[in-house]
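**Q** have a look; sequence and predicted model below, questions after that.
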Amino acid sequence: MTPIGTMRRRRLIGLLALAALLLLAAVASVAIGTRLLPPSTVFDAVRDGLTCPGGPFQCPAGSTEAEIVRGLRLPRTALALVCGLALGITGALIQGYTRNPLSDAGLLGLNSGAAFLAALSMHLFAFTAPEQYIWFAFAGALIAGVVVFSSASIGGGKASPLSLVLAGAAVAAFLQAMTNAVVLMDAAALDTYRFWVVGSVAGRDAEVFWQVLPFLLVGVLLAVAAGPGLNLLSLGDDVARGLGVDIGRSRALGLAAIVLLCGAATAAIGPIAFLGLVVPHLARGISGPDYRWLIPYSGLFGALLLTSADIVGRVVARPGELEVGIMLAVVGAPFFIAFVRRRKLASL
């Protein structure tokens with residue numbers, strides 16, 4: 001077998017191994033919680049839900065145990081999987097387009113945009129449920145992405161990696177200040193906002209999952225389509241242009257994927273920036289710099305880490321739980337420091 005064939009085989013095996021681990025994590029997420037349930041009870045609740053005409057999310061509650069599994073744990077697990085996938089892919093794309101190995105969603109102002117409109121909706125309309133303010137948070141991320149890309153394109157007519165970073169930092173600082181002003185004026189809005197901003201998949205029902213799913217699916221498709229162009233852009237703008245790449249259109253495609261993925265995931269579960277920072281480095285250590293492989297690897301790693309952190313958060317603080325954003329920061333930050341000390345950050 002040629003070296004290229006060997007590398008492709010190794011990458012495929014790695015993807016299958018990650019998919020298997022993700023399946024185990026999903027099963028554990030449904031089975032493990034603050035309330036202990038017998039495995040047979042969990043299995044019966046899931047089996048009965050799969051046979052319902054409307055699917056497990058619409059199946060009648062039945063017993064209390066079935067309500068816990070089908071009404072709480074299944075939607076929570078599904079949301080953790082799709083949002084982790086989205087944030088992992090987002091991190092890989094942002095680091096690629098900015099050519100900065102320490103970039104994440106916060107660098108382009110997307111988290112700040114989502115936070116500002118979410119807080120504003122809580123203040124103006126007294127929203128308290130995620131399914132109420134999720135659209136405002138998504139719109140905030142979308143508007144922030146458009147403003148950053150437009151600001152970075154002023155003058156030369158194209159958004160360079162440096163101009164994207166500078167514009168994103170300026171927009172993020174402004175929106176964060178506006179968010180602080182809103183929540184400090186309204187104690188009720190602050191009370192709701194602080195539970196959203198910490199980052200959590202708890203308290204989200206199936207309605208939130210179905211609201212963000214279409215945007216995440218479109219974002220994944222755009223991300224996969226942006227991979228080959230991003231490989232060429234990593235060689236430099238001049239080389240990519242010489243190879244026939246429309247740089248403006250390629251960056252617009254990638255940024256559209258970033259806004260859809262990050263905006264929808266952040267709106268649903270709150271800003272979890274650390275995931276998008278560390279996941280691409282883990283994925284790049286296995287897949288290499290080829291974004292055709294790095295994107296799916298980052299997505300699977302992101303889903304695995306977010307789901308696993310959610311499981312650990314339910315176990316370590318029984319009978320309560322720790323939000324997934326806290327768990328990722330507490331467990332992930334030391335891991336990332338050790339990872340950086342053991343090996344240099346992979347060049348982009």
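**A** Received it, and whenever you're ready, just let me know what you need.
**Q** so where does residue 251 fall, helix or strand?
**A** In this structure, residue 251 sits in helix 247-269 according to DSSP states H and E.
**Q** what packs against that helix?
**A** Applying 3 or more CB pairs under 8 Å, 6 or more residues apart in numbering; DSSP states H and E, one finds that helix 247-269 makes contact with helix 74-98, helix 110-125, helix 130-152, helix 206-233, helix 237-242. To be clear about C-beta, it is placed using only N, CA and C from the backbone, and glycine gets the same treatment.
**Q** pipe those helices into TSV and attach mean neighbour count, distance to residue 314 and mean pLDDT per row.
**A** Shown next, in TSV, are those (neighbours: other CB atoms under 10 Å; distance: least, CB to CB, whole Å; pLDDT from 0 to 100):
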stretch	mean neighbour count	distance to residue 314	mean pLDDT
helix 74-98	27	10	92
helix 110-125	25	25	91
helix 130-152	22	19	88
helix 206-233	19	18	91
helix 237-242	13	46	77
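**Q** nearest to residue 315, out of these?
**A** Judged by CB to CB, the one of these that comes nearest to residue 315 is helix 74-98, at 14.4 Å.
**Q** residues in contact with the residue most central in space within the chain?
**A** Geometric centre of the chain, nearest residue: residue 87, 2.1 Å, by CA atoms, centre = their mean. The contact partners of residue 87, taken as CB atoms under 8 Å, 6 or more residues apart in numbering, are 105, 261, 262, 265, 272, 275, 276, 279, 302, 306.
**Q** apart from its chain neighbours, what residue comes closest to it?
**A** Once flanking residues are discounted, residue 87 sits nearest to residue 275: 4.7 Å by CB to CB, 6 or more residues apart in numbering.
**Q** and the angle for the helix or strand encompassing that neighbour with helix 247-269?
**A** Element membership for residue 275 (DSSP H and E) is helix 273-287. Between helix 273-287 and helix 247-269, the angle comes out at 120 degrees (axes from the mean of the first three to the mean of the last three CA atoms, to 10 degrees).
**Q** check which helices and strands helix 273-287 is in contact with.
**A** Using 3+ CB pairs under 8 Å, 6+ apart: helix 273-287 touches helix 3-31, helix 74-98, helix 291-316, helix 324-342.
**Q** out of the ones you listed, which is closest to residue 246?
**A** Using CB to CB, these put helix 74-98 closest to residue 246, at 14.6 Å.
**Q** starting at the chain centroid, how far to that closest one?
**A** Remark: helix 74-98 is offset 3 Å from the chain centroid, using CA atoms, centre = their mean, to the nearest Å.
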